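Colleague: What follows is a predicted structure for the sequence shown.
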Amino acid sequence: MRSIVFCSGKGGVGKSSIALNLGLLLAQAGKKVVVVDADVSMANLALMMGIERTPITLNHVLSGENVIEDALYDGPEGMKYVPAELSTEKLSRADYNRMKQAVVKLEKDFDFVLLDAAPGWMQDAKAAMNSVKEAYVIVTPEPICIADGLKAKNYLERRGTKMLGVIINMALNDPTEIRDSDIKGVMGMDIAAKLPEDLEVRRASASQKPVVLRSPNSPFVRALSEMASKLAGKQVVAKQPKVKKGLIQSILDFFLRKGDSSGGKKTV
Ligand SMILES: Nc1ncnc2c1ncn2[C@@H]1O[C@H](COP(=O)(O)OP(=O)(O)OP(=O)(O)O)[C@@H](O)[C@H]1O
Ligand SMILES: [Mg+2]
């Protein structure tokens, strides 16, 4: 029912990391979620999950070769996703209006349609912004990033998108960083979340496993869970991974089980 874009002026501020991991948290909370890689010239959503083969992508949908249902895949935790393609070959035939048509279809089947946008305001970034009803603008606490974020916000406001607020990412809470109150003032929006700089996010990217699944207790995931709770309307806590038994524990369990089965029988 809700379609939300994660956008920014400057690149590399954490849009994909936030969209993917927020999607996973909402899916763990029982919501029907689809995350769409709307960064069609720099596909990275599938790679962030360690998935390499996705034969039909959003690029196929934009070029008119396939419908959105063909590009819908099962992700972790019951979350669905729509990948983009690593090759940009199909983009010469892309009709970006098809992105909105695809989102309208997805809105009928999902509680949350989350779009990971390209940075800036080239054609693909604008297509993502034009396809949804609500938006977050992501910034890092640096002056150039905020100036660029403001341009994205102005574009979204002109087209009447509901602004959900600014997400400050990679915060070090260092005195050299721009203060929250100044970011709020310049952006003219509430701060929806402040997510810390966290090495676990980079480790997760490197290992191609989402940080929510790899490090559910990390500061980034804890802060993101608060944001997910507001969206879900209930408390969201990242699921703990199943701990694999060590060898010693498995041997002990084996002998304890054997002891149980013979110990229960009466011997004459
Ligand atoms: N809070 C964080 N702490 C540390 N590293 C982070 C954090 N958020 C994102 N990163 C890292 O920053 C890099 C860029 O993140 P990501 O790809 O999510 O940004 P993006 O805005 O989607 O980039 P692009 O504009 O290129 O699409 C990645 O290596 C990611 O692991
Ligand atoms: Mg990205």
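Modeller: Right, received. Where do you want to start? Just so we're clear, the structure is a prediction, and the values are computed from it rather than from any experiment. Residues are numbered from 1 along each chain as shown. Ligands and ions are numbered 1, 2, ... in the order given.

Colleague: any idea whether the residue of the chain found nearest ligand 2 is helix, strand or coil?
Modeller: Per C-beta to the ion, Ser16 is where the chain lies closest to ligand 2, at 3.3 Å. Just so you know, the C-beta spots here come from the backbone N, C-alpha and C atoms, and that holds for glycine as well. Here Ser16 takes the helix state, with states given by DSSP: H, G, I helix; E, B strand; the rest coil.

Colleague: burial measure for the closest residue to it other than its chain neighbours, as a count.
Modeller: Distance criterion C-beta to C-beta, 6 or more residues apart in numbering; nearest residue to Ser16, sequence neighbours excluded, is Asp116 at 4.9 Å. Using other C-beta atoms under 10 Å, Asp116 has 27 other residues around it.

Colleague: Return the set of residues that bridge with Asp116.
Modeller: With DSSP bridges as the criterion, Asp116 is bridged to Phe6, Asp37.

Colleague: Just confirm it contacts Leu45, I think it does.
Modeller: Yes: using C-beta atoms under 8 Å, Asp116 is in contact with Leu45, at 6.0 Å.

Colleague: how about the helices in the stretch 101-250 of the chain?
Modeller: 123-130, 143-158, 180-187, 199-207, 211-214, 219-232, 247-263 (DSSP state H, counting those that start in this stretch).

Colleague: Mean pLDDT and mean neighbour count added to the ones you listed, as TSV?
Modeller: Formatted as TSV, the helices of the stretch 101-250 of the chain follow (pLDDT from 0 to 100; neighbours: other C-beta atoms under 10 Å):
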stretch	mean pLDDT	mean neighbour count
helix 123-130	95	21
helix 143-158	93	18
helix 180-187	96	15
helix 199-207	97	16
helix 211-214	97	22
helix 219-232	98	20
helix 247-263	76	9
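
Colleague: and those helices as TSV, adding distance to ligand 2?
Modeller: TSV is the format used below for the helices of the stretch 101-250 of the chain (distance: least, C-beta to the ion, whole Å):
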stretch	distance to ligand 2
helix 123-130	11
helix 143-158	14
helix 180-187	20
helix 199-207	11
helix 211-214	15
helix 219-232	16
helix 247-263	40
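
Colleague: possible to save these as CSV with distance to ligand 1?
Modeller: Formatted as CSV, the helices of the stretch 101-250 of the chain follow (distance: least, C-beta to the nearest ligand atom, whole Å):
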stretch, distance to ligand 1
helix 123-130, 9
helix 143-158, 10
helix 180-187, 16
helix 199-207, 3
helix 211-214, 8
helix 219-232, 5
helix 247-263, 33
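
Colleague: before we move on, the earlier item: overlap in contacts, Asp116 and Leu45.
Modeller: 16, 19-20, 35, 37, 39 (C-beta atoms under 8 Å, 6 or more residues apart in numbering).

Colleague: From those residues, keep the buried residues only.
Modeller: 16, 19-20, 35, 37, 39 (16 or more other C-beta atoms under 10 Å).

Colleague: Any chance of the residues you listed in a markdown table with pLDDT and distance to Ile167 as columns?
Modeller: As requested, these are exported to a markdown table (pLDDT from 0 to 100; distance: C-beta to C-beta, whole Å):
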| residue | pLDDT | distance to Ile167 |
| --- | --- | --- |
| Ser16 | 97 | 13 |
| Ala19 | 98 | 10 |
| Leu20 | 98 | 14 |
| Val35 | 98 | 16 |
| Asp37 | 98 | 19 |
| Asp39 | 95 | 17 |
